[in-house]
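K.L.:
need a 3D model of the following:
(chains A and B)
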Amino acid sequence: MANDREVLREIWEGRLPVCFQLNSEEVYSLQAPDPYYLMVPRLSYFPLVTDKVRKQFVRYIQPDKQEAEMWLDFNGQALRWHYPIGVLFDMYVSDIQLPWNITVHFDKFPEEELLHCPCREAVESHFMSCVKEADVLKHRSQVVSSMQKKDHNQLWLGLQNDKFDQFWAVNRKLMEASGDEVFKYIPFRFYCGEGPFIQRLVRPVTEEGQRKTLQHLIQEVFPNETNRKLKLMCHCAVHNCKDVNN
Amino acid sequence: MAGYVSWEEFERCVTHLLTISDRLADGWVLHNKEAPEAAYLVKKVTVPDASNKTDIDASVLLLEEPLDDILEDKNVIARPTTGALTWEYHVLYSHSYCVPTLYFNAWTTDGRLLSLEDVWRRVHTKFQRSLQEDRWSVLTQQEHPVLRRPYYWLHPCRTAQILGCLQGRSPNIVITWLSTVGPVVGLTLDPQYGEITLSE
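P.N.:
Below is the predicted model of the structure:
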């Protein structure tokens, strides 16, 4: 898996055009600011790429809101910053026209819906806990716990600064089979609307020793659904495969 | 393997915990029963806020009045500090880690959710030192896997290690675990849980 360098790079370089607009109700200056356009990496997280958006819009809002936490919505739905940008895009893709129009807020933070993101450490902590959980599933946590702090930092900085080589030098270890054994379980999550997400323990090989495909995984998790009824968006953010399947 | 708890074991322990809770009228309730392997325990308690001194509303102190006047005015200082906190604890099973996990939220009486900083500050003094070493990998906000809403969450990465030391010595590993990690965030289990478990 870790040998498909070109594919990995293509996925890493996936970008989405986004048009950020300040919520019109929060405009305090005489003139509303122009929209702000960015190409954002699919594999990144919004708080890592929106510093400039904040800087641009903060001058146009009420002075007493300028220290407030910024949050984003699409079509009235608050965007969960702790999902990779590509996952969020795929969740709402049927309603999205490019560029993706996102509204920027500084007021009325929806505390019931969104995790707070007071600083980059919050993103790092979330990212690392996802990496750890995935490693628990793949290698019973043996790889992450054998890594040094500097490896963790390199992985995180690679993602944060969009450095493919830096990231993959460490992530490679997380994606290798330990000895002859392939992964213990496949790390995945199915998001179906706003309901609970679905996670199961699924082994990567069948009882006959054959490697499982995405098809196997879907059949195992949704045994009663036929493929035609399922519209599936697949995005393994940390583990780099993206695939759209109707 | 040492420290891991199977779903079946978790379910057995939780059922047992619920019967004790009913007997003691302790308030634990099972949620999400219908979903396969996703039921979880919930308990809500309102308790006096032990560390509310740090909560004095900054705006009160910014008033252009002598501090003594403010401090003497009981109405001013009483408002933000006479607090009780409502805690809601959730015990969920993590299929990835194969251990129980603790989620919770805490609100002041006027309905304000405690911030992460507030929660860190309220972590039991005995655990403050280990918290300060690496608080971002110990206790953070996380999406509740069932409710999909923000809850505070004690990271489960070392739970299996802790349980490994306790397993085999405890007839109910969930009770043992909960009475070990609960106090970190203000959740104490009545000692009768232990007594009843051992006497059975």
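K.L.:
which element is B:Leu92 on?
P.N.:
strand B:84-94 (DSSP states H and E).
K.L.:
list the buried residues of that strand.
P.N.:
For strand B:84-94, a neighbour-count test (16 or more other CB atoms under 10 Å in any protein chain shown) marks B:Leu85, B:Trp87, B:Tyr89, B:His90, B:Val91, B:Leu92, B:Tyr93, B:Ser94 as buried. To be clear about C-beta, it is placed using only N, CA and C from the backbone, and glycine gets the same treatment.
K.L.:
please write out the alpha-carbon positions of that strand in PDB.
P.N.:
Presented in PDB, the C-alpha positions along strand B:84-94 are these (Å, rounded to 0.1, in the frame of the first residue of the first chain):
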ATOM      1  CA  ALA B  84     -23.500  24.400  41.600                       C
ATOM      2  CA  LEU B  85     -22.400  22.400  38.600                       C
ATOM      3  CA  THR B  86     -24.500  19.800  36.800                       C
ATOM      4  CA  TRP B  87     -22.300  17.000  35.500                       C
ATOM      5  CA  GLU B  88     -23.500  14.400  33.000                       C
ATOM      6  CA  TYR B  89     -21.300  11.300  32.700                       C
ATOM      7  CA  HIS B  90     -21.500   8.800  29.900                       C
ATOM      8  CA  VAL B  91     -19.800   5.400  30.000                       C
ATOM      9  CA  LEU B  92     -19.300   4.100  26.500                       C
ATOM     10  CA  TYR B  93     -17.600   1.000  25.100                       C
ATOM     11  CA  SER B  94     -14.800   1.700  22.600                       C
END
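K.L.:
distance between it and the chain's centre?
P.N.:
Relative to the mean C-alpha coordinate of its chain, strand B:84-94 is positioned 5 Å out (CA atoms, centre = their mean, to the nearest Å).
K.L.:
which residues does the residue in chain B that chain A sits nearest to contact?
P.N.:
Here the residue of chain B nearest chain A is B:Trp136; by CB to the nearest CB that distance is 4.0 Å. For B:Trp136, the contacting residues are A:Glu121, A:Ala122, A:Glu124, A:Ser125, by CB atoms under 8 Å, 6 or more residues apart in numbering or on different chains.
K.L.:
just the ones in strands from those, please.
P.N.:
Cross-referencing those against strands under DSSP state E gives no overlap.
K.L.:
derive a PyMOL selection command for the buried subset of those residues.
P.N.:
If you want just the buried ones from these in PyMOL, going by 16+ other CB under 10 Å, the selection is:
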select buried, chain A and resi 122+124+125
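K.L.:
and residue 194, what does it touch?
P.N.:
Reading this off chain A. If you count contacts by CB under 8 Å, 6+ apart, then A:Glu194 has B:Arg148 around it.
K.L.:
oops, wrong one, chain B.
P.N.:
B:Ile175, B:Ser179.
K.L.:
state the distance from it to B:Pro171.
P.N.:
Here B:Gly194 is placed at a distance of 10 Å from B:Pro171 (CB to CB, to the nearest Å).
K.L.:
now the contacts of B:Trp136 in TSV, with pLDDT and distance to chain B?
P.N.:
What follows is the contacts of B:Trp136, written out as TSV (pLDDT from 0 to 100; distance: CB to the nearest CB, whole Å):
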residue	pLDDT	distance to chain B
A:Glu121	95	5
A:Ala122	97	7
A:Glu124	96	7
A:Ser125	96	4
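K.L.:
of all the contacts of B:Trp136, which two lie farthest apart?
P.N.:
Across the contacts of B:Trp136, the longest distance by CB to CB is 7.3 Å; it joins A:Ala122 and A:Glu124.
K.L.:
so the nearest residue to A:Gln77 once chain neighbours are set aside, which state does it fall into?
P.N.:
Computed as CB to CB, 6 or more residues apart in numbering or on different chains, the closest residue to A:Gln77 that is not its neighbour in sequence is A:Tyr92, at 7.1 Å. Under the three-state scheme (DSSP: H, G, I helix; E, B strand; the rest coil), A:Tyr92 adopts helix.
K.L.:
show the model's pLDDT score for A:Tyr92.
P.N.:
The predicted local confidence for A:Tyr92 comes out at a pLDDT of 93.
K.L.:
need the pLDDT of B:Gly83.
P.N.:
If you check B:Gly83, the pLDDT there is 83.
K.L.:
now it: how far from B:Asp118?
P.N.:
Where B:Asp118 is concerned, B:Gly83 sits at a distance of 11 Å (CB to CB).
K.L.:
got it, and A:Lys163?
P.N.:
From A:Lys163 to B:Asp118 the distance is 36 Å (CB to CB).
K.L.:
what is the orientation angle of the longest helix seen in chain A with strand B:84-94?
P.N.:
Looking across chain A with DSSP state H, the single longest helix is helix A:120-139. Orientation of helix A:120-139 against strand B:84-94 (axes from the mean of the first three to the mean of the last three CA atoms, to 10 degrees) gives an angle of 30 degrees.
K.L.:
name the helices or strands packed onto helix A:120-139?
P.N.:
Using 3 or more CB pairs under 8 Å, 6 or more residues apart in numbering or on different chains; DSSP states H and E as the contact criterion, the elements in contact with helix A:120-139 are helix A:46-49, helix A:142-146, helix A:149-160, helix A:164-175, strand B:139-143.
K.L.:
the first one and chain B in contact?
P.N.:
To tie it back to what came earlier, the one meant is helix A:46-49. No - no part of helix A:46-49 sits near chain B under the criterion CB under 8 Å from any CB of the partner chain; the closest distance found is 13.5 Å.
K.L.:
secondary structure class for the residue of chain A positioned farthest from its centre?
P.N.:
Of all residues in chain A, A:Leu30 has its C-alpha farthest from the mean position, at 36.4 Å, by CA atoms, centre = their mean. At A:Leu30, secondary structure determined by three-state DSSP is coil.
K.L.:
that one and chain B, how far apart?
P.N.:
Using CB to the nearest CB, to the nearest Å, one obtains 29 Å as the distance from A:Leu30 to chain B.
K.L.:
list the contacts for B:Glu133?
P.N.:
Contact partners of B:Glu133, counting by CB under 8 Å, 6+ apart, are absent.
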